[in-house]
Structure formats: structure tokens, C-alpha cells
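**Q** just need the structure, nothing else, for what follows:
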Amino acid sequence: MTRSTQFDVDPIFVSRWSPRAFDPVSIPEEDVNRMLEAARWAPSAYNIQPWRFVYALRDDENWEEFVSLLNPFNAGWAKDASALFFLVSDTIMPGDGDRPDMPATTNSLDAGGAWVQLALQATQMGYHAHAMAGIEYDQIREKLEIPERFKIEAGIAVGTRIADHALDAEQKAAEVPSPRKAVEEIAYRGSFQHA
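**A** Next comes the predicted model:
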């Protein structure tokens with residue numbers, strides 16, 4: 001599938017997509033740190049920076065456990081990635097001395113911004129990143145000791161894409177860049193447009 005845009009944007013936005021066929025090779029930790037650095041500079045309400053990443057590299061002792069925290073479908077392909085992340089966000093906005101702690105309302109939005117910046121940095125470096133909702137939320141909290149105040153947002157597989165020969169038929173069918181809705185379907189000037 002060839003992707004085209006309605007309006008001129010930087011090619012990195014169209015180049016980023018979420019494949020499932022990864023080359024099962026290691027990744028330099030320096031590359032991972034560059035992706036996390038990009039995520040670090042995401043915007044957030046009141047500059048709270050509520051996102052946290054817990055990650056494993058395929059060569060380290062935590063890899064198999066991280067793969068086991070994906071649902072079976074995602075584990076089937078993400079086991080070949082080079083790095084796995086779990087993204088969580090703080091549901092409490094810390095007080096600042098004059099203001100007490102209070103429930104956060106933008107933690108998921110802010111964490112989403114951090115994920116996008118990580119993904120775009122990965123794309124710029126020649127990798128691909130694939131975010132997943134198909135993860136074992138309860139087990140992640142227990143095994144990775146995620147505090148209750150943190151919301152488990154997503155899993156993220158990062159690696160180098162290869163041909164899809166290792167995928168099963170269902171996975172191959174989905175192994176194409178997806179299209180997008182037209183701008184006029186997602187943005188309404190003046191008021192919400194009902195279908």
C-alpha cells in the first residue's frame with residue numbers, strides 16, 4: 001500500500017507504522033536511550049511528565065518474562081522484537097506545596113505524547129515501534145511491581161522490520177501500513193459534525 005497525504009507534512013509521519021515482522025537481533029542500549037530521550041521531551045500538563053517506561057532488551061534476563069506479559073497473539077510476533085516496553089502513567093498529580101495531590105486528568109494523553117515521540121525517534125533511526133493494548137495488565141502490575149497509582153497504558157515492541165515470512169496467515173494479512181481517515185472526517189471547524 002502506498003500512503004499519500006492530503007497536505008504536505010514531514011515524511012516521517014507517513015513512514016511510521018506498526019509492523020509485526022521483526023528481525024530477532026539485539027539493539028544497542030544507546031539506541032534505546034535515544035528513543036527514551038525523545039520521549040522525555042514530550043509535552044505534558046503542568047510539566048508533570050506522568051509517563052514511565054519499564055523495558056527489557058532481548059539479550060537480557062528479563063526478556064522471556066516481558067514476552068510472557070503480552071497476550072498470546074502479540075507474544076507470537078513480538079518475541080522477535082529487539083526491545084519491549086510497558087508504558088504506565090501516574091494517575092495522581094503531585095501537589096506543589098500550596099496545592100495537595102489530586103487525581104490527574106491528562107495522564108493518559110501525556111503518556112500518549114511520550115509514546116509518539118519514542119515511535120517517531122525509532123522511525124528516524126531506522127527502527128519500527130508497535131504499541132499494543134493486548135497485554136496482561138494484572139500480571140504486569142504484579143510481576144513488574146507497578147504501584148497502584150500508575151495506570152498501565154500499553155506495551156511497545158521496537159525492532160528492525162524484515163520480510164513477513166515468519167508470520168502466520170492472520171499476522172501476514174495485517175502486515176501493511178494502514179490508511180487514515182480524511183482530515184475532514186477527524187476535524188470540524190466550529191462544532192462537532194455528526195454522521
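
**Q** buried stuff in the helix or strand of the chain with the lowest mean pLDDT?
**A** Within the chain, no helix or strand scores below helix 169-173, which has a mean of 79 by mean pLDDT, DSSP states H and E. With burial defined by 16 or more other CB atoms under 10 Å, the residues of helix 169-173 counted as buried are residue 171. For the C-beta atoms, the positions are set from N, CA and C on the backbone; glycine is no exception.

**Q** longest strand in the chain, please.
**A** Residue-count comparison of every strand in the chain, with assignments taken from DSSP state E, identifies strand 150-159 as the longest.

**Q** may I have that one as CSV, with CA atoms only?
**A** In CSV, the C-alpha atoms belonging to strand 150-159 read as follows (Å, rounded to 0.1, in the frame of the first residue of the first chain):
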residue,chain,number,x,y,z
PHE,A,150,0.1,4.1,38.0
LYS,A,151,-2.2,3.2,35.1
ILE,A,152,-0.8,0.6,32.7
GLU,A,153,-1.2,2.1,29.3
ALA,A,154,0.3,-0.1,26.6
GLY,A,155,3.1,-2.4,25.6
ILE,A,156,5.5,-1.3,22.9
ALA,A,157,7.7,-3.6,20.7
VAL,A,158,10.7,-2.0,18.9
GLY,A,159,12.9,-3.6,16.3
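
**Q** note down every partner strand of that strand and its orientation.
**A** The strands that strand 150-159 pairs with in its sheet are strand 83-90 (antiparallel), strand 128-132 (antiparallel) (by DSSP bridges).

**Q** winner for burial among those strands?
**A** Highest mean neighbour count among the strands paired with strand 150-159 (mean count of other CB atoms under 10 Å): strand 83-90, with a mean of 24.

**Q** how about the secondary structure of the residue with the largest distance to the centre of the chain?
**A** Seen from the C-alpha centroid of the chain, the residue lying at the greatest distance (CA atoms, centre = their mean) is residue 98, 34.6 Å away. Using DSSP: H, G, I helix; E, B strand; the rest coil, the secondary structure recorded for residue 98 is coil.

**Q** do you know the pLDDT at the nearest residue to residue 57 once chain neighbours are set aside?
**A** The shortest distance from residue 57 to any non-neighbouring residue, by CB to CB, 6 or more residues apart in numbering, is to residue 83 (5.3 Å). The predicted local confidence for residue 83 comes out at a pLDDT of 98.

**Q** so who does residue 83 touch?
**A** Applying CB atoms under 8 Å, 6 or more residues apart in numbering, we find residue 83 in contact with 27, 32, 55, 56, 57, 58, 157, 158, 159.

**Q** quick one, phi/psi of the fourth one?
**A** Backbone geometry at residue 56, expressed as degrees, to the nearest 10, gives phi -140, psi 150.

**Q** ok, now how distant is it from residue 153?
**A** Summarising the geometry, the distance separating residue 56 from residue 153, computed by CB to CB, to the nearest Å, is 17 Å.

**Q** who has more neighbours, these two?
**A** More neighbours surround residue 153 than the other of residue 56 and residue 153, with 23 against 19 (other CB atoms under 10 Å).

**Q** thanks a lot, catch you later.
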